[in-house]
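Asks: Any chance you can model this:
(3 chains)
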Amino acid sequence: MANVSVKNIRKTYPNGTEAVMPCNFDIADGELVVLVGPSGCGKSTLLRMVAGLEDITDGELQIGDRVVNDLDPAERDIAMVFQNYALYPHMSVYKNMAYGLKNRGTSKNDIDQKVREASAMLNLDDYLDRRPSQLSGGQRQRVAMGRAIVRDPALFLFDEPLSNLDAKLRNQMRIEIRNLQRRLGVTAMYVTHDQVEAMTMADRIFVLNAGRIEQVGTPSEIYRTPASTFVASFMGAPPMNLLPATYNGNGSVHLNGETSLAVGAPKDHKGDIQLGIRPEEVKLATGKSATPFKLELIEELGASRLLHGKLAGHDFTVNAPNNDAPLADDLMLDIPSDALHMFDHETGKRL
Amino acid sequence: MTDITSTTPRAKKRFRWSAIFDHSILILGSLFMLLPVFLALTTSSHDNVEIQREGLKFWFGNDIDENFGNAMFEKGGFTKTVTGMTMLMNSFILGIGFAVGKIILSMMAAYAIVYFRFRFATFAFWIIFTTILLPLEVRILPSYEVIQSIGLTNSYTGLIVPLLASATGTFFFRQFFLSVPEELVEAARIDGAGPVKFFVDILVPLSQTMIAAIFIIMFVYGWNQYLWPTLITTDEGLFTLVRGIRQIIQAYAEGSEIPEYGQAMALALIAMLPPVAIVIFFQSWFVKGLVESDK
Amino acid sequence: MKRAGFANYWLPILLLLPQLTIIAVFFYWPAFNAVQSSFYLQDPFGFGSQFVGFENYSDLFASKEYAKVARFTLLFTLLVTATSLATALLLAVKADKVLRGARTYKTLLMWVYAVAPPVAGLMGVMLFDQNIGSVTDLFAWFGYDYRLGVNYWDTAFAMIIVSVWIQIPVNFIFFLSGLQSIPQHVREAAMIDNPSGFGRFWQITFPLLAPTAFFLLIINITYALFDTFGIIDTLVKNNPASNPMTLVYKVFVDGFRGNDMGGSSAQSVVLMVLVLALTIFQFRLLERRIHYT
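Replies: Alright, predicted model coming up:
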């Protein structure tokens, strides 16, 4: 068990590409941190730097009390679960799990005990003699987890461990991994591009974009107060509606000149802004104060339905509860003032 | 996919002339490939005088054991010391020695090129790569002189080692190593395996099929060498079977008496049997090795 | 190179050393010698040599005999390549199509790969022999007096037939594996779009096989140029005199029989340039190959 401390870590490739801009963060003991972002944002590079698979160009990395910058991956007291599991195809499940311990010089009895413990925990007892090729995707995933567990590491690293599984299995494994990590109390870093995984699993989420950490926060912080238009549109499904608007500084925003909406707390800003509204924070309404919405297409999701259309001439999506009521083409929306997120027109930063 | 036809009940398939045509072409092709060897086999079972009088034979005669026996055990050559057995052994030494040498050298080199970050990697790659530009046949004369100046003529070393100076195997393994998932070496590093351990514990066992495939290709290649052994070995004790063919032809061209047709055919058959058997028995490995090594 | 390669310093050098040493001694040294001695005139009795510049080359290109050998090599290469490719393609297409006996045909059509060229040559010598040869009998039956090793074109005919025989398996294997790697859904789509099997072959299958065919073209040219040595040597029965021969065989004959080191080396260098050109051509094609996959 250990905390992780990162000071000014940076990764620059020999060809000059800045993969990871200087960043600072701490991870508390037993915390599960999810690094999320689109592909190429540097999240995997960052994880691999922590693992020791990628050189750290600059800065300091601490795991527990040790600075591990120059240590080999095997000496960092970490374990890693890879996207494609990276199981040794010619070794049995048992040997796959035992290999790391064997290399450390652990005694045969200890290895056996640890492997059996892990396999019991992961329901792998019946498969110990099989080769990875004889296992299903979910079972392979478990073996990869088992290989990580037996090492009894200070830090777990997950590199998109669920992206090779089908949707149903992914949901199930998500819960399993979360439970396991809680039970073992191991600090963990988890990389994914899937915002649902990030939201559901994380104690804290790091949203990365173009080699930079855009925002750090609990899932609810990230969802409620996204720090930028990037975070706003990346986290949440369907994504937040973003509309160009102007703010007059005195309590209302204007969309396209005519439509205006009231803002809760006034902001110290005037002029063009980006207005963000979550599809699920809008309600269908009838009142006069409501905003007109032109419906174009309905997507049925079962419990709810997505209404795609135009608000003040801009694309807009509403997530409405599904009550099977027939809908007219011209609707009215109730947009509460606390549902409005305002972002800087140019930088995209939250105002 | 193919099950669909068998599980779906369907009216009896209508007779197809095109299938007959397809099979005829394949049978003709197979006969074209088979017939010369069949003729060699049947002819090798006849007496030389009979062959001389009546031409190649299309069916088996009674002299098969005599001709094969002579081919294998009769002392032949100018020195009258070398038998078919000696040549057979030499062929195996060349075939296996070449294949094993090739696999060891090229796996080591490919491992260095693919899995290590070092300054000369690209340079070393090009040094090795360039060798595909010049087949041995093209540089045969200077190669012979080099071997002669080192004093390696008429030795197994001189026979095998110069043939190893090519890039084929290295490319094959390089290609394969590159296709091994990146994460495997990373997982191994996290598991505490250094370069030697990773090679021995993970990479070599993973390459088993590849090794088998390349072994077959290289064994056949080594076994079938002709020009190089012809130049390097003048000592008949070092002749391979394929090298021995040249002696037969020479005797055939110069001899005044009736040539030993049956025995010559028998020797040709013995010379082709081991590589052909390997190719047939390990067909899937062989095809894999061939298709993947040349790409 | 792998992302997370080992950063060891001596180990890779150690691993490369055996291969590099062998290549240096048995490849670069002789290759360098070949280029060097192509600029010298060597005394056949070993009493030194004399720098003559490009004289060996100009002699070579002025030589009528060399031109004749070059012309024959070109013809030989074209015929062997075209015949074996076409035959193998036909057989591969049929073997890919039939349901029954596909495996047996496959084996029957590929095993000849393992037969050594000179062994094939020896069988050719027998089949085409003036006294006992069955093919000769066949020709006689049609009223033609076939003479291997005497008539230039008769010998050439035998060389081509034997060379094609040996080369069919490689082409067959590659074509078949090319055909089998065409995805099932592409075939099914083609079945729906085009009812004619013939049309499907030329419009869908053949273009998809084109990368394989291009690649095989190079392989076959290389084969016809270099690997047919054993066939030629056996069919001319060690007695090239008035028989057809290829450029590679001439390097050997001039170097070892004629003791014309300079001339032979110059020929080697010319062949090196030829292989270089072929390799560059091949790489251009390899770049094209990638487009499909």
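Asks: which residue is nearest the centroid of the chain?
Replies: By default, I'm working from chain A. Nearest to the geometric centre of chain A sits residue A:198, at 2.9 Å (Cα atoms, centre = their mean).
Asks: Sorry, I should have been clearer: chain C.
Replies: Centre-nearest of chain C using Cα atoms, centre = their mean is residue C:223, 0.9 Å out.
Asks: That one and residue A:148, how far apart?
Replies: 52 Å (Cβ to Cβ, to the nearest Å). Placement of C-beta: from N, CA and C, glycine included.
Asks: what's the distance between the closest residue to residue C:145 other than its chain neighbours and chain B?
Replies: Nearest residue to residue C:145 in three dimensions, chain neighbours excluded: residue C:139, at 7.4 Å (Cβ to Cβ, 6 or more residues apart in numbering or on different chains). Applying Cβ to the nearest Cβ, to the nearest Å, the value for residue C:139 to chain B is 13 Å.
Asks: my read is residue C:139 is in a helix, agree?
Replies: Yes. Checked against DSSP: H, G, I helix; E, B strand; the rest coil, residue C:139 lies within a helix.
Asks: roughly how far apart are it and residue C:237?
Replies: 19 Å.
Asks: neighbours around residue A:134, how many?
Replies: 12 (other Cβ atoms under 10 Å in any protein chain shown).
Asks: nearest residue to it other than its sequence neighbours?
Replies: Nearest to residue A:134 is residue A:127, by Cβ to Cβ, 6+ apart, at 8.0 Å.
Asks: Any figure for the gap between that neighbour and residue A:87?
Replies: Counting by Cβ to Cβ - residue A:127 and residue A:87 are separated by 12 Å.
Asks: got it, and residue C:207?
Replies: Counting by Cβ to Cβ, the gap from residue C:207 to residue A:87 is 39 Å.
Asks: Then residue A:68?
Replies: 26 Å.
Asks: cool, and residue B:189?
Replies: Plainly put, residue B:189 is 15 Å away from residue A:87 if you go by Cβ to Cβ.
Asks: Kindly report the same for residue A:44.
Replies: 19 Å.
Asks: Who has more neighbours out of those two?
Replies: residue A:87 (24 against 21).
Asks: What secondary structure category should be reported for the more buried one?
Replies: Quick answer, by three-state DSSP: residue A:87 is coil.
Asks: what's near enough to touch it?
Replies: Shown in contact with residue A:87 (Cβ atoms under 8 Å, 6 or more residues apart in numbering or on different chains): A:96, A:132, A:140, A:143-144, A:147, B:187.
Asks: ok, now which ones touch residue A:21?
Replies: Taking Cβ under 8 Å, 6+ apart, we find residue A:21 in contact with A:10, A:42, A:211-212.
Asks: Low-confidence ranges, the chain, go.
Replies: All of this refers to chain A. Along chain A, segments meeting pLDDT under 70 span A:1, A:257, A:287-288.
Asks: wrong one, chain C
Replies: C:1-4, C:43-48, C:238-240, C:285-293.
Asks: Repeat the analysis, applying 90 as the threshold.
Replies: Residue ranges of chain C with pLDDT under 90: C:1-10, C:30-66, C:97-103, C:125-154, C:181-219, C:222, C:225-227, C:233-245, C:248-293.
Asks: Pretty sure residue A:261 sits against residue A:340.
Replies: Yes. Contact criterion Cβ atoms under 8 Å: residue A:261 and residue A:340 qualify, at 6.3 Å.
Asks: any residues in contact with both of the two?
Replies: Shared contacts of residue A:261 and residue A:340, counting by Cβ under 8 Å, 6+ apart, come down to A:253, A:275.
Asks: So the residue nearest to residue C:282 when sequence neighbours are not counted versus residue A:214, what's the distance?
Replies: Closest residue to residue C:282 apart from its sequence neighbours, by Cβ to Cβ, 6+ apart: residue C:218 at 4.6 Å. Going from residue C:218 to residue A:214 by Cβ to Cβ gives 52 Å.
Asks: If you count surrounding residues, which of those two has more?
Replies: Between residue C:218 and residue A:214, residue A:214 has the larger neighbour count (other Cβ under 10 Å), namely 21 against 18.
Asks: Share the number of residues neighbouring residue C:71, please.
Replies: 11.
Asks: Kindly report the same for residue C:89.
Replies: When neighbours are counted by other Cβ under 10 Å, residue C:89 comes out with 22.
Asks: so which strand or helix has it?
Replies: helix C:64-97 (DSSP states H and E).
Asks: Dihedrals phi and psi, the residue of chain A found nearest chain C?
Replies: Residue of chain A nearest chain C, by Cβ to the nearest Cβ: residue A:53 (4.5 Å). When read as degrees, to the nearest 10, the backbone of residue A:53 gives phi -90, psi -10.
Asks: Kindly report the same for the one 10 residues further on.
Replies: Dihedral angles phi and psi of residue A:63 (degrees, to the nearest 10) take the values phi -120, psi 120.
Asks: list the contacts for it?
Replies: Residue A:63 neighbours (Cβ under 8 Å, 6+ apart): A:2, A:4, A:50, A:76-78, A:154-155.
Asks: and residue A:245, what helix or strand is that in?
Replies: strand A:241-247.
Asks: quick one: the helices in chain A?
Replies: A:43-51, A:93-104, A:108-121, A:137-150, A:167-184, A:195-201, A:219-224, A:229-234 (DSSP state H).
Asks: Same list (those helices) but as a markdown table, adding distance to residue C:145.
Replies: Shown next, in a markdown table, are these (distance: least, Cβ to Cβ, whole Å):
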| stretch | distance to residue C:145 |
| --- | --- |
| helix A:43-51 | 77 |
| helix A:93-104 | 72 |
| helix A:108-121 | 81 |
| helix A:137-150 | 72 |
| helix A:167-184 | 78 |
| helix A:195-201 | 84 |
| helix A:219-224 | 94 |
| helix A:229-234 | 86 |
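Asks: mind giving me the domain ranges of the chain?
Replies: If you meant another chain, say so; for now it's chain A. Following automatic domain parsing, one finds the domains of chain A at A:4-233, A:240-344.
Asks: wait, I meant chain B there
Replies: B:9-72, B:75-293.
Asks: Give me the average confidence score over the shortest one.
Replies: Right, domain B:9-72. For domain B:9-72, the mean pLDDT works out to 81.
Asks: Could you give the number of residues near residue C:192?
Replies: Residue C:192: 7 neighbours (other Cβ under 10 Å).
Asks: Now the element after the strand or helix carrying it, going C-ward?
Replies: Residue C:192 belongs to helix C:184-193 when assigned by DSSP H and E. Remark: after helix C:184-193, the chain's next helix or strand is helix C:197-200, criterion DSSP H and E.
Asks: Chain C: helices as residue ranges?
Replies: Using DSSP H, the helices of chain C run over residues C:10-23, C:29-37, C:55-62, C:64-97, C:102-110, C:117-127, C:134-141, C:152-180, C:184-193, C:197-200, C:206-222, C:229-235, C:247-252, C:261-292.
Asks: Kindly reformat the ones you listed as a markdown table and extend each row with distance to residue A:31.
Replies: A markdown table is the format used below for the helices of chain C (distance: least, Cβ to Cβ, whole Å):
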| stretch | distance to residue A:31 |
| --- | --- |
| helix C:10-23 | 39 |
| helix C:29-37 | 63 |
| helix C:55-62 | 76 |
| helix C:64-97 | 58 |
| helix C:102-110 | 59 |
| helix C:117-127 | 70 |
| helix C:134-141 | 84 |
| helix C:152-180 | 52 |
| helix C:184-193 | 47 |
| helix C:197-200 | 61 |
| helix C:206-222 | 52 |
| helix C:229-235 | 71 |
| helix C:247-252 | 71 |
| helix C:261-292 | 46 |
